[in-house]
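S.K.: no FASTA, just this:
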Ligand code: AMP
Ligand code: ZN
């Protein structure tokens, strides 16, 4: 785990007095983000003339299996962007699609002989549970592709009408890159492509293909026997949509033809996002001079123990696999949030142990602060949110942000040890942490509910000790230990704590 050296303990609120109370879109510093479209770090200025509303679309999961820890890196990155925009006072409309029909899904539906809805429903539900376990804010909308077939057909119809898409004899509809380029639009906005080697009219049917295979791609795939019962009627005959058109149709339907931010993992840059731009700008619904998407953000991949995740290497983890190993969603979230989103991240189980230790340090400091603060209100400022925001404004420099947090923990621990914090100062410090945690979302250690039988055993042990029956008291302690609980003697009496 890599936490960069903390920034100097400067009280930024002295320089930016509005900061702590008044975090709104025009607050003291601008957010800068690396935009794949311009290949540069740019100031974030929303399309909304009021400067307040922001549309954010994150490509969601393809629900053919449980999402793996690499997918979760990207989704937690999306959550970080959304939370930080909200921290800065923007009103974010966050949309994340659920791809519930594509090549991979159809293959699994066929192999498992399960109806489409039943098959995808199971993984979509698991995805929602995992989002909660990782404390990701729920997107306001999670459209399913199969619920937007009408919108998809309408969009394909527009492309056909504009002469940018054509039907093949089998009934499929393809996007014509030649016609698109011929109409003055640019294919290859996110990635550099070599058109010299492109053979006009060459087609790819599969949803995923290599950059070298620049070719007309499928918008509507005519029904084939392997599709089984997965097909819908359309003006071009029975079939199903391609993956790329799903995202164009759903994002424009819910966020309008031009919106602010579009996110995904780096592997989606081509062909998925490039094709989304071509379809969306090809349909020509944007106001003149406006792009489909203003800022494209791509998260780097996650490796496990330095290698690409694969089932055969035994390094393939779903969130569930890690929870079953006894790690918490909070620890996993913390670890995924330690690296900058544009750097490849090497995930290890030792890293998760490190996350546990780091969180314990934060928890310990917060517990002590709470003891000192009691119920005292927090009227004042804390320098922490300002330092934290200064780092994140710089293209989400998360190492700098964690640096500010741990510097603050060190400084607070020192003051606590010197008895230098009165209840008001402690309350202010806690309020600063809460602002920062509205972005990090690692919160305080979740309160663990103590089962009644454990409470009864703790009481029985107390009674045994009172009666000086130490043998019995020790036996009860061992019994609790076997159940995963230890007894902690506190000034308020004995209480059970999870091992
Ligand atoms: P999928 O369900 O395959 O469509 O992927 C969902 C998201 O996870 C996409 O944004 C992918 O770019 C992203 N993704 C896939 N593999 C990884 C990985 N190893 N590390 C980070 N993100 C990934
Ligand atoms: Zn997408």
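M.R.: Yes, it's here. Because the structure is predicted, anything quoted here is derived from the model rather than measured. Ligands and ions are numbered 1, 2, ... in the order given.

S.K.: confidence score at the residue in the stretch 301-450 of the chain positioned nearest to ligand 2?
M.R.: Ranked by Cβ to the ion, the top residue of the stretch 301-450 of the chain for proximity to ligand 2 is residue 301, at 16.5 Å. (Each C-beta comes from the backbone N, C-alpha and C, glycine too.) On pLDDT, residue 301 comes in at 96.

S.K.: residue contacts, it?
M.R.: Contacts for residue 301 (Cβ atoms under 8 Å, 6 or more residues apart in numbering) come out as 70, 73, 265, 266, 267, 308, 344, 345.

S.K.: near ligand 1, which of these show up?
M.R.: 70, 73, 265, 267 (Cβ under 6 Å from any ligand atom).

S.K.: circling back to that earlier point, which pair of the contacts of residue 301 spans the longest distance?
M.R.: Using Cβ to Cβ, the contacts of residue 301 reach their maximum pairwise distance at 267 and 345, which is 14.4 Å.

S.K.: Name the residue in those two with the higher neighbour count.
M.R.: Between residue 267 and residue 345, counted using other Cβ atoms under 10 Å, residue 345 has the larger neighbour count: 23 against 15.

S.K.: Please report phi then psi for the more buried one.
M.R.: phi -110, psi 130 (degrees, to the nearest 10).

S.K.: and it, bridged to which residues?
M.R.: Partner residues in beta bridges with residue 345, using DSSP bridges, are residue 302.

S.K.: Burial check on residue 29, number of neighbours?
M.R.: Counted with other Cβ under 10 Å, residue 29 comes out at 16.

S.K.: Tell me the spacing between it and residue 425.
M.R.: For residue 29, the distance to residue 425 (Cβ to Cβ, to the nearest Å) stands at 26 Å.

S.K.: ok, residue 223 to residue 234 distance?
M.R.: From residue 223 across to residue 234, the span is 10 Å (Cβ to Cβ).

S.K.: ditto for residue 425
M.R.: Distance, residue 425 to residue 234, by Cβ to Cβ: 66 Å.

S.K.: again, but for residue 164
M.R.: 17 Å.

S.K.: repeat for residue 139
M.R.: In this view, residue 139 and residue 234 are 28 Å apart by Cβ to Cβ.

S.K.: what does residue 101 give?
M.R.: Distance, residue 101 to residue 234, using Cβ to Cβ: 13 Å.

S.K.: Which one of the two is surrounded by more residues?
M.R.: Neighbour count, other Cβ under 10 Å: between residue 101 and residue 234, residue 101 has more, with 25 against 21.

S.K.: Tell me where the stretch 351-499 of the chain is predicted with low confidence.
M.R.: Along the stretch 351-499 of the chain, segments meeting pLDDT under 70 span 444-449, 490-492, 498-499.

S.K.: which residues of it fall in helices?
M.R.: 384-393, 398-417, 423-440, 452-466, 470-482 (DSSP state H, counting those that start in this stretch).

S.K.: Where does the prediction get shaky in the stretch 151-300 of the chain?
M.R.: Answering for the stretch 151-300 of the chain: no residues sit below the bar, that is pLDDT under 70.

S.K.: Quick check: phi and psi on whichever residue of it sits closest to ligand 1?
M.R.: Among the residues of the stretch 151-300 of the chain, residue 265 lies closest to ligand 1, at 2.0 Å counting by Cβ to the nearest ligand atom. With angles defined as degrees, to the nearest 10, residue 265 sits at phi -70, psi 160.

S.K.: Excluding covalently adjacent residues, which one is nearest to residue 65?
M.R.: residue 123 (6.4 Å; Cβ to Cβ, 6 or more residues apart in numbering).

S.K.: my read: the one you found touches residue 60, true?
M.R.: No. The criterion here is Cβ atoms under 8 Å, and residue 123 misses it with residue 60 at 11.5 Å.

S.K.: which stretch of helix or strand covers the residue lying closest to residue 112 once chain neighbours are set aside?
M.R.: Leaving out its chain neighbours, the residue that sits closest to residue 112 by Cβ to Cβ, 6+ apart is residue 119, at 6.5 Å. Assigned by DSSP states H and E, residue 119 falls within helix 116-133.

S.K.: who does that helix touch, helix- and strand-wise?
M.R.: With contacts defined as 3 or more Cβ pairs under 8 Å, 6 or more residues apart in numbering; DSSP states H and E, helix 116-133 has these neighbours: helix 103-112, helix 319-324.

S.K.: In a markdown table: those helices, plus distance to ligand 1, mean neighbour count and mean pLDDT.
M.R.: What follows is the helices and strands packed on helix 116-133, written out as a markdown table (distance: least, Cβ to the nearest ligand atom, whole Å; neighbours: other Cβ atoms under 10 Å; pLDDT from 0 to 100):
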| stretch | distance to ligand 1 | mean neighbour count | mean pLDDT |
| --- | --- | --- | --- |
| helix 103-112 | 8 | 16 | 94 |
| helix 319-324 | 13 | 16 | 95 |
